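Engineer: Sharing a model prediction with you, sequence too.
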Amino acid sequence: MSQIPIAPGSCPATCPPSGIFQQFRQPTGWMGWGIGQLMALKNRSRSEWVIDLIQVQPEDRILEVGFGSGADIRRASALATHGFVAGIDHSAVMVQQARNRNAKAIQAQRVDLQCAAADAIPYADANFDKIFAINVAHFWTQPLEVLAELRRVLKPGGLIALAIQPRTPNATEETSQQTGEFLVNLLNTADFEQVRLHTQFIPPVSVVCVLGIKN
């Protein structure tokens, strides 16, 4: 497998840092709210596939990075019936939308959602059994710093899952393949073990998801 360099913007799925793509990176205002609702509807198949891959157990403690609309928080908490699901997102608009969508679970103290950056996670060391991020990692300007922070809050033996479906203009299956290679290289460089790549075709192009274990 080829080695794709790890540098800001080097992920093959990286979007232009302006226009509508900026709203997907950090939704704001009325447009951001609408994008969140759209993502909740449009990305269901992708999300269900990734959540199936991480095999949520009833007592799992789970963190989602970049939860957006909060739809996947709700899916995960429905499976972690005796566990705990937390999430961080740096968009205040998405935090509010996700809190609305998960209000009952938050009231029951089964879900906690915070407005925070991925390189400054407001949770204690070795706190989570599983961490997942869907269509988020290509926005990280310092991915190894983020992964060091994710390692900090992940329990020894815990699972991390990074999934991306390229949304760049003219994305192809080759883009998905290269993105998968980038994510594998990223987790290996960050010292995760048992790194493995999964691919699922969901139109318009395949979703790639890389899993790794904290040693």
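Structural biologist: Nice, thanks for sending it over. Model, not experiment: these values are computed from the prediction.
Engineer: which stretch of helix or strand covers the residue nearest to the spatial centre of the chain?
Structural biologist: Ranked by distance to the mean C-alpha position of the chain (C-alpha atoms, centre = their mean), the top residue is residue 133 at 1.1 Å. Taking DSSP states H and E as the definition, residue 133 sits inside strand 128-134.
Engineer: Check which helices and strands that strand sits against.
Structural biologist: Using 3 or more C-beta pairs under 8 Å, 6 or more residues apart in numbering; DSSP states H and E as the contact criterion, the secondary-structure elements in contact with strand 128-134 are helix 44-54, strand 61-65, helix 71-79, helix 143-153, strand 154-164. (Each C-beta comes from the backbone N, C-alpha and C, glycine too.)
Engineer: Out of those, which one sits most buried?
Structural biologist: With neighbours defined by mean count of other C-beta atoms under 10 Å, none of the helices and strands packed on strand 128-134 is more surrounded on average than strand 61-65, at a mean of 25.
Engineer: Neighbouring strands - and their directions - for that one?
Structural biologist: Under the criterion DSSP bridges, strand 61-65 sits next to strand 84-89 (parallel), strand 128-134 (parallel) in its sheet.
Engineer: sorry, back to before: quick one, what contacts the residue nearest to the centre of the chain?
Structural biologist: 64-66, 118, 161-163 (C-beta atoms under 8 Å, 6 or more residues apart in numbering).
Engineer: at 7 Å what do you get?
Structural biologist: 64-66, 162 (C-beta atoms under 7 Å, 6 or more residues apart in numbering).
Engineer: got any ranges where this protein has weak pLDDT?
Structural biologist: Within the chain, the segments meeting pLDDT under 70 span 1-9, 13-41.
Engineer: Compare the helices and strands packed on strand 128-134 and report which one is nearest to residue 137.
Structural biologist: Across the helices and strands packed on strand 128-134, residue 137 has its closest neighbour in strand 154-164 (4.7 Å, C-beta to C-beta).
Engineer: so after that closest one, what's the next helix or strand?
Structural biologist: Towards the C-terminus, the helix or strand next in line after strand 154-164, according to DSSP H and E, is helix 173-189.
Engineer: Thanks a lot, catch you later.
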